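Peer 1: one predicted model, sequence on top.
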Amino acid sequence: IEDKENNSLNAENIYKEDIEIFTRINMGKIPLTNAELIKALLIQGYKDNDNKNNKQFELASEWDFIEYSLQNDDFWYFINKEKNEKATRIEFIFELISKKYFEDNKEKFPELNDLDKSKSIDRYYEFHIINHYLKNGKSNENLWSEVKNYFRILNEWYEDKEFFHKIGFLVIYSEKTMLNFIDSYIEKGKTKQDFRIFLDGQIKSVFKNKKEFIDIESLSYGMDDNNIRKVLLWFNISTIIKNEKSNIKFQFDRYKKESWDIEHIRSQADKYPDKEEKESWIKDILNLTDDKKTEEEILEMNEEDFKLFYNKVQNNIEGENSDFDKHSIGNLTLLDSSTNRAYGNVFFSIKRKTIIENDKKGTFIPICTKNLFLKYYSENATDLQKWTEEDAESYKSAILETFEELK
C-alpha cells in the first residue's frame with residue numbers, strides 16, 4: 001500500500017495479491033519456506049498453458065533433481081561458507097537470483113529498496129523479491145531457466161577438481177560473493193582460462209596484507225590465528241590440486257562440521273591438564289612411560305608434584321624441550337577436536353596413533369595433516385614417535401615452497 005506522503009511502502013503489505021496467494025497456500029497454518037512459496041508461484045504460472053500438466057510435471061521433476069543434488073553435503077558445504085541449515089536447499093539459488101535482481105533493478109523500482117530494508121525481519125523476503133520479478137516483465141519460464149542455469153554453473157564447478165577446490169577455499173576467505181564468481185564466469189567474451197586467472201588473483205589477495213604478501217615464517221599461534229588457518233587450509237588444498245593423477249577431494253563438509261582448527265603438532269610445554277582432564281591424560285600416557293606409578297597415585301598428587309611428573313613424562317616421550325618455537329608454523333597443523341582430545345595437549349605419539357587409526361577407518365584427515373604425522377616431509381625421520389626441530393623445519397619448508405608458487 002503506497003504512502004503518498006513519503007512515497008514509501010510497507011514491506012508487509014506491498015502486494016495484496018501476494019498475501020492472498022500466501023493465505024491460500026498456507027491454509028493449514030504450517031510455516032512454509034520461501035522456496036515452497038516460490039514453487040507454488042511457478043506452478044501457478046502454467047495455469048493457462050495448453051500444455052499445463054506436462055510443464056508442471058517437468059518443473060516438479062527438475063526441481064526435485066536440483067534439491068536432491070544440493071542435499072549432498074559434499075556439494076552443499078562447498079558452496080556455503082559455514083553451516084547453513086535450510087529445510088529446502090534450492091532456496092540458496094533463489095537467494096542468488098534475488099540478490100542479482102535487486103542489484104540490477106533497485107534504481108528502476110524504488111519499492112525494492114523498501115523491501116530490502118525489511119530483509120532482516122521478513123522471513124519471506126526472497127518470496128517477495130521473486131514475486132516482484134514475475135510481476136515486472138519476467139515469465140515463470142524466464143525464472144526457471146535462470147534457476148537451472150545457476151545450478152548448472154554450481155554443479156559444473158563441483159565436478160571440476162580445480163574449480164571445486166579454489167572456489168571452495170575462496171567461499172571461506174574471499175571478500176567476493178558467489179554472485180561475483182558467477183558474474184566473472186559468464187562474463188561475455190571471457191574464457192575458462194580467464195576465470196582461472198581471476199580465481200588465482202583472488203587467492204593471492206587473500207594472503208596479502210596492505211598489498212604485501214604475509215610473512216608466513218613470522219606467524220605465531222595466538223596472535224595470527226586467522227592467517228595461520230588460511231595458510232594451512234591452502235597448503236592442503238594446493239597439495240590436492242597439484243596431484244593431477246589423484247581424484248581425491250578436500251572434504252569441506254567434514255572440515256566445517258567437525259570443527260577442524262589449528263593445533264600444535266608437538267605439545268605445549270607449559271599447558272597442563274586440569275583436574276577434570278587428568279584422567280583421560282593418564283590413560284593415554286601409562287603405556288608410553290616406564291614410570292611405575294598407578295593411576296590413583298598420579299591423581300592424588302598435589303599441583304606442584306603433578307607438574308614435575310608431567311614435565312618428566314613429556315621429556316621422556318617427546319625429548320628435552322628444543323629451542324624451536326612451538327607456536328610457529330612448523331609446529332602447527334589442522335586437527336579435529338576429537339583427535340586433539342578434551343585435555344588439549346596430547347603428545348605427538350598419541351596424536352599420530354589416532355591419525356593412523358582414523359585413516360584405516362577411512363575417516364577424513366586433511367592430506368597435509370596425514371603427511372606430517374607419517375613424516376613424509378621429513379628428510380631423515382629417525383624417530384616416528386617424536387616431532388623434532390628438524391621435522392618442523394622440513395615441514396615449514398614444504399609450506400613455504402607451496403606459497404612461493406602462489407606469489
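Peer 2: It's in.

Peer 1: off-centre distance for stretch 282-289?
Peer 2: 36 Å (CA atoms, centre = their mean, to the nearest Å).

Peer 1: for it, which positions count as buried?
Peer 2: 282, 284-285 (16 or more other CB atoms under 10 Å). Using the backbone N, CA and C atoms, a C-beta is placed for each residue, glycine as well.

Peer 1: that stretch - what's its average pLDDT?
Peer 2: Averaging pLDDT along stretch 282-289 gives 74.

Peer 1: could you do stretch 162-179 as well?
Peer 2: Averaged across stretch 162-179, the pLDDT comes to 96.

Peer 1: ok, residues contacting that stretch?
Peer 2: Applying CB atoms under 8 Å, 6 or more residues apart in numbering, the contact partners of stretch 162-179 are 78-81, 96, 99-100, 103, 156-158, 181, 196, 199-200, 202-203, 205-206, 230, 233-234, 237, 240-241, 249-250, 252.

Peer 1: picking up where we left off before, please identify which of the buried residues of stretch 282-289 is nearest to residue 219.
Peer 2: Relative to residue 219, the closest of these is residue 284; by CB to CB it sits at 29.1 Å.

Peer 1: so residue 293, which of the three states?
Peer 2: coil (DSSP: H, G, I helix; E, B strand; the rest coil).

Peer 1: does it touch residue 306 like I think?
Peer 2: No: assessed by CB atoms under 8 Å, residue 293 is found out of contact with residue 306, at 10.9 Å.

Peer 1: which one's more surrounded, these two?
Peer 2: residue 306 (17 against 14; other CB atoms under 10 Å).

Peer 1: so residue 306 touches residue 272, yeah?
Peer 2: Yes: if you go by CB under 8 Å, residue 306 and residue 272 touch, sitting 7.2 Å apart.

Peer 1: how much space is there between residue 279 and residue 299?
Peer 2: According to CB to CB, to the nearest Å, residue 279 stands 7 Å off from residue 299.

Peer 1: all the helices of the stretch 201-350 of the chain, in order from the start?
Peer 2: 225-242, 252-257, 278-285, 295-299, 303-318, 337-340, 348-360 (DSSP state H, counting those that start in this stretch).

Peer 1: take those and write them to CSV, including distance to residue 41.
Peer 2: Putting the helices of the stretch 201-350 of the chain into CSV (distance: least, CB to CB, whole Å) gives the following:
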stretch, distance to residue 41
helix 225-242, 40
helix 252-257, 31
helix 278-285, 55
helix 295-299, 66
helix 303-318, 64
helix 337-340, 44
helix 348-360, 47
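
Peer 1: can you say which of those is nearest to residue 327?
Peer 2: helix 225-242 (9.4 Å).

Peer 1: and that closest one, which residues are buried?
Peer 2: Applying 16+ other CB under 10 Å to helix 225-242 flags 227-241 as buried.

Peer 1: pLDDT below threshold where in the stretch 201-350 of the chain?
Peer 2: Applying pLDDT under 70 to the stretch 201-350 of the chain flags the ranges 269-270, 288, 290, 320-324, 340-345.

Peer 1: do that again at 90, thanks
Peer 2: For the stretch 201-350 of the chain, applying pLDDT under 90 flags the ranges 208-212, 244-248, 257-261, 264, 266-326, 335-350.

Peer 1: what's the closest of the helices of the stretch 201-350 of the chain to residue 211?
Peer 2: helix 225-242 (15.3 Å).

Peer 1: hmm, who's touching that closest one?
Peer 2: Helix 225-242 has contacts (CB under 8 Å, 6+ apart) with 161-162, 165-166, 168-169, 172-173, 203, 206-207, 214, 216, 219, 221, 246, 248-250, 255, 261-262, 329, 332-334, 366-369, 371, 398-399, 402-403, 405-406.

Peer 1: can you check stretch 355-372 too?
Peer 2: Under CB under 8 Å, 6+ apart, the answer for stretch 355-372 is 232, 235-236, 239-240, 248, 250-251, 254-255, 258, 260, 265, 333-335, 339, 373-374, 377, 391, 395.

Peer 1: over to stretch 140-154?
Peer 2: Contacts with stretch 140-154, where a contact means CB under 8 Å, 6+ apart, come from 41-42, 45-46, 59, 62, 66, 69, 75, 79, 90, 93-94, 96-97, 130, 133-134, 182, 185-186.

Peer 1: again, 6 Å this time
Peer 2: The contact list for stretch 140-154 (CB atoms under 6 Å, 6 or more residues apart in numbering) reads 42, 45, 66, 79, 93, 96-97, 182.

Peer 1: any buried residues in that stretch, and which?
Peer 2: Those would be 140, 143-144, 146-147, 150-151, 153-154, for stretch 140-154 by 16+ other CB under 10 Å.

Peer 1: give the PyMOL command for selecting the buried subset of the contacts of helix 225-242.
Peer 2: Burial among the contacts of helix 225-242 is assessed by 16+ other CB under 10 Å; the matching PyMOL selection reads:
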select buried, resi 165+166+168+169+172+173+203+206+207+214+216+219+221+250+255+262+329+332+333+334+366+367+368+369+371+398+399+402+403
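
Peer 1: a strand runs through residue 382, doesn't it?
Peer 2: No: under three-state DSSP, residue 382 sits outside any strand and is assigned coil.

Peer 1: gap between it and residue 318?
Peer 2: For residue 382, the distance to residue 318 - CB to CB - is 14 Å.
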